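**Q** Attaching a predicted model along with its sequence, questions to come.
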Amino acid sequence: MSYPDYTETESGLQYKDLRVGEGPSPKKGETVVIDWDGYTIGYYGRIFEARNKTKGGSFEGGDKEFFKFKVGSGQVIPAFEEAMTGMRPGGVRRIIVPPDIGYPNNDLNKLGPKPTTFSGQRALDFVLRNQGLIDKTLLFDIELIRIIPS
């Protein structure tokens, strides 16, 4: 499904900048520090990760650590690598991720980002491993906090 107010890339990733940041965009080899939300589009829009605070009925912790990865290293799902293109620190980008560029082999343990709570991991794992008719398309909001030069 295509959304008219989103930009669609060749891979099928759709994105919309909710807030445009300032400064340079990350380059391959640099480490990015991000915060992110994750939602299952095809399963009642269930949140499986919440930015800044753990939510969703979890009894674990308060503030969570920011997520870091090196651009171009293959540490994260392809959609996250692609989403960093053109982002600037302070920016927030909403991405709609088709299964082909999401979690490989429907396994959330192979590449990041991984939900920080058990309930979030369980919700995402249920959708990814379901053999039925659940749409495995995911929605993420990504905030680029800062870039750490290589």
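**A** Nice, I can see it.

**Q** which residues of this protein fall in helices?
**A** With DSSP state H, the ranges of helices along the chain come out as 78-83, 118-129.

**Q** Tell me how many other residues crowd the nearest residue to Leu138 once chain neighbours are set aside.
**A** Of all residues not flanking Leu138 in the chain, Val97 sits nearest, at 4.5 Å (C-beta to C-beta, 6 or more residues apart in numbering). (Glycine included, C-beta is placed from N, CA and C.) Val97 has 26 neighbours, counted by other C-beta atoms under 10 Å.

**Q** now swap in the one 10 residues further on and tell me
**A** Around Asp107 there are 11 other residues, counting by other C-beta under 10 Å.

**Q** For the one helix or strand in the chain whose mean pLDDT sits lowest, C-alpha coordinates in PDB please.
**A** When the helices and strands of the chain are scored by mean pLDDT, DSSP states H and E, strand 46-49 comes last with a mean of 91. The C-alpha trace of strand 46-49 is given here as PDB (Å, rounded to 0.1, in the frame of the first residue of the first chain):
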ATOM      1  CA  ARG A  46       0.400  -2.400  18.400                       C
ATOM      2  CA  ILE A  47       3.400  -0.500  19.700                       C
ATOM      3  CA  PHE A  48       6.400  -2.700  20.400                       C
ATOM      4  CA  GLU A  49       8.900   0.100  21.300                       C
END
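
**Q** returning to that earlier point: distance of the residue nearest to Leu138 relative to Arg146?
**A** Using C-beta to C-beta, to the nearest Å, one gets 23 Å for the distance from Val97 to Arg146.

**Q** thinking again about what came up before, check contacts around the residue nearest to Leu138.
**A** By C-beta atoms under 8 Å, 6 or more residues apart in numbering, the contact set of Val97 is 13, 77, 79, 137-140.

**Q** can those go into JSON lines with extra columns for pLDDT?
**A** Shown next, in JSON lines, are the contacts of Val97 (pLDDT from 0 to 100):
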{"residue": "Leu13", "pLDDT": "97"}
{"residue": "Ile77", "pLDDT": "97"}
{"residue": "Ala79", "pLDDT": "97"}
{"residue": "Thr137", "pLDDT": "94"}
{"residue": "Leu138", "pLDDT": "96"}
{"residue": "Leu139", "pLDDT": "96"}
{"residue": "Phe140", "pLDDT": "97"}
